[in-house]
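> Mind looking at a prediction? Sequence and model below.
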Amino acid sequence: MSEIYNIINKKKLDVVKKKINKAHGLPNECYTSKEYTQIERKKLFEDKWVVIGVASSLPNEGDAKPFDLLGLPILIVRNKKKKIKVFHNICSHRGVKLVNEPGKIKNVIRCPYHSWSYNLDGDLIATPHIGGMNKHQSEHFKKSNSNLKKIRSFVWLDLIMININNNEIPFEDYIKPLSNRWNKFWPLDDRKLIQHSNDYGYFKLTAKCNWKFAIENYCESYHLPWVHPGLNSYSKIEDHYHIQGLPNRFAGQGTVVYNPRLKGKEKFPCFPNWPKNKENVAEYVALFPNVMLGIHKDHFYSYWLEPINHELTLEHMEIYYVGEEAALSNRFKSLRKQNHKLWEDIQKEDVDIIQRMQIGRNSPAYNGGNFSPIMDNPTHHFHKWVATNLI
């Protein structure tokens, strides 16, 4: 606790947690301090369930991807049973980073330093010359004590969720408040219903700003008329409502006028259990800390954040449709292309404005800002989550 207070005055965090009409937002240090970001990594990214990628990006046995979470090296692999496994990406011998680039692991994960090798379940299976020349075993060394260090993981809606410090409640319980809300639209546990698009199902944007700006911007619709004039022409600010999850793990907004304006006679197939009286409802929820979800009657997306440092973030958009034909066939290719461009253009508009917020946080005149008691409730919800979990 004292470490965070050496960087941020306690009063600055306490005021964030006040009622919205008296609260200020997170102080500048939360966006501009390298030292603060290391504390944030521990409190928000190691202690909580966070997203590090999608399972569909590793479709085959032996597929492997390294991921660095604010400097912490992580390795994702698909094992021989086709299950996703996550490990700390370091050799147990001398701490060398094992895998540098995405690729295919044929048989073993081999350390480039002394050739210690691990299978796809992280078990240490080879220790060349550990007992001397051509002696690959040692009575003084037990391999099973030096397996790769596993990271607790769970795949949900294709998202690879991890809890590094193994201190959170089970993910099924963690996500239950949101899954209960959305199960009335479609059964989230039916993975076969959603299919990732291979042609127009992904894009990546670089945001020269702190990751938190993307979340707090996503939570509210207040900015629509000025940042998204095209979107606001048919989905206006007054057509939106707030979503604030309890317990405080997610927040966002929804619209009651979702009506995709894509050219052509074809229409995407819809989720079969989507309520008839909610055909024009769509919801956009940020699951703290680093993923933004969009649920519609005819497609779903996850927009997850990869924080590089305190002022640089990679934003990954993954788009899914109802069934293989909608996601993969030529019949719907034009619609997929249009939908892809729609979301990419909208997110680019957001990136421009959140980058300007990063610049603004360098001003000592800014005190964390104020909130509209009517329009900013979901964003305040997120700020309170950050402030509460820092200490």
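Good, I have the coordinates.
> Please name the residues that touch the residue lying closest to K278 once chain neighbours are set aside.
Spatial nearest neighbour of K278, excluding adjacent residues (Cβ to Cβ, 6 or more residues apart in numbering): F185 at 7.1 Å. Every residue, glycine included, has its C-beta placed from N, CA and C. By Cβ atoms under 8 Å, 6 or more residues apart in numbering, F185 lies in contact with 271, 273-275, 278, 295, 297.
> before we move on, what about V77?
Counted by Cβ under 8 Å, 6+ apart, V77 has contacts 58, 62-65, 84-87, 105, 109, 120.
> Distance-wise, check it relative to I151.
11 Å (Cβ to Cβ, to the nearest Å).
> Tell me which stretches of the stretch 201-350 of the chain form helices.
Using DSSP state H, counting those that start in this stretch, the helices of the stretch 201-350 of the chain run over 211-218, 224-227, 229-232, 324-328, 333-360.
> circling back: which neighbours do V77 and I151 share?
Joint contacts of V77 and I151 (Cβ under 8 Å, 6+ apart) are 86-87.
> Let me see the ranges of the strands in the stretch 151-300 of the chain.
152-156, 159-163, 194-196, 202-207, 240-244, 250-255, 282-287, 291-295, 299-309 (DSSP state E, counting those that start in this stretch).
> Mean pLDDT and distance to K143 added to those strands, as JSON lines?
As requested, the strands of the stretch 151-300 of the chain are exported to JSON lines (pLDDT from 0 to 100; distance: least, Cβ to Cβ, whole Å):
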{"stretch": "strand 152-156", "mean pLDDT": "97", "distance to K143": "22"}
{"stretch": "strand 159-163", "mean pLDDT": "98", "distance to K143": "25"}
{"stretch": "strand 194-196", "mean pLDDT": "90", "distance to K143": "37"}
{"stretch": "strand 202-207", "mean pLDDT": "98", "distance to K143": "39"}
{"stretch": "strand 240-244", "mean pLDDT": "96", "distance to K143": "49"}
{"stretch": "strand 250-255", "mean pLDDT": "97", "distance to K143": "42"}
{"stretch": "strand 282-287", "mean pLDDT": "97", "distance to K143": "38"}
{"stretch": "strand 291-295", "mean pLDDT": "97", "distance to K143": "37"}
{"stretch": "strand 299-309", "mean pLDDT": "97", "distance to K143": "34"}
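> As a markdown table, those with mean neighbour count and distance to K337 would be great.
Shown next, in a markdown table, are the strands of the stretch 151-300 of the chain (neighbours: other Cβ atoms under 10 Å; distance: least, Cβ to Cβ, whole Å):
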| stretch | mean neighbour count | distance to K337 |
| --- | --- | --- |
| strand 152-156 | 18 | 28 |
| strand 159-163 | 22 | 24 |
| strand 194-196 | 20 | 15 |
| strand 202-207 | 16 | 12 |
| strand 240-244 | 18 | 27 |
| strand 250-255 | 24 | 23 |
| strand 282-287 | 24 | 20 |
| strand 291-295 | 22 | 18 |
| strand 299-309 | 21 | 13 |
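> G132: which of those is closest?
Proximity to G132 (Cβ to Cβ) singles out strand 152-156 among the strands of the stretch 151-300 of the chain, at 37.5 Å.
> Tell me which strands the closest one pairs with, and in which orientation.
strand 159-163 (antiparallel) (DSSP bridges).
> Please work out the angle formed by the directions of the partner strand and strand 299-309.
Put simply, strand 159-163 runs at 40 degrees to strand 299-309, going by axes from the mean of the first three to the mean of the last three Cα atoms, to 10 degrees.
> tell me the phi and psi of the nearest residue to D158 once chain neighbours are set aside?
Of all residues not flanking D158 in the chain, V54 sits nearest, at 4.7 Å (Cβ to Cβ, 6+ apart). Dihedral angles of V54 (phi, psi; degrees, to the nearest 10) stand at phi -130, psi 140.
> low-confidence ranges in the stretch 1-150 of the chain?
Across the stretch 1-150 of the chain, the ranges flagged by pLDDT under 70 are 1-2, 5.
> oh, I was asking about the stretch 251-391 of the chain
In the stretch 251-391 of the chain, no residues with pLDDT under 70.
> Just send the strands of the stretch 151-300 of the chain back as TSV, with distance to I319 too.
Below are the strands of the stretch 151-300 of the chain laid out as TSV (distance: least, Cβ to Cβ, whole Å):
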stretch	distance to I319
strand 152-156	17
strand 159-163	13
strand 194-196	7
strand 202-207	7
strand 240-244	21
strand 250-255	18
strand 282-287	14
strand 291-295	9
strand 299-309	5
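> Out of those strands, flag the one nearest S372.
The nearest among those, by Cβ to Cβ, is strand 240-244 at 11.5 Å.
> That closest one to strand 282-287, inter-axis angle?
Using the same axes, to 10 degrees: strand 240-244 against strand 282-287 is 30 degrees.
> Now do strand 240-244: distance to the chain's middle.
Remark: strand 240-244 is offset 20 Å from the chain centroid, using Cα atoms, centre = their mean, to the nearest Å.
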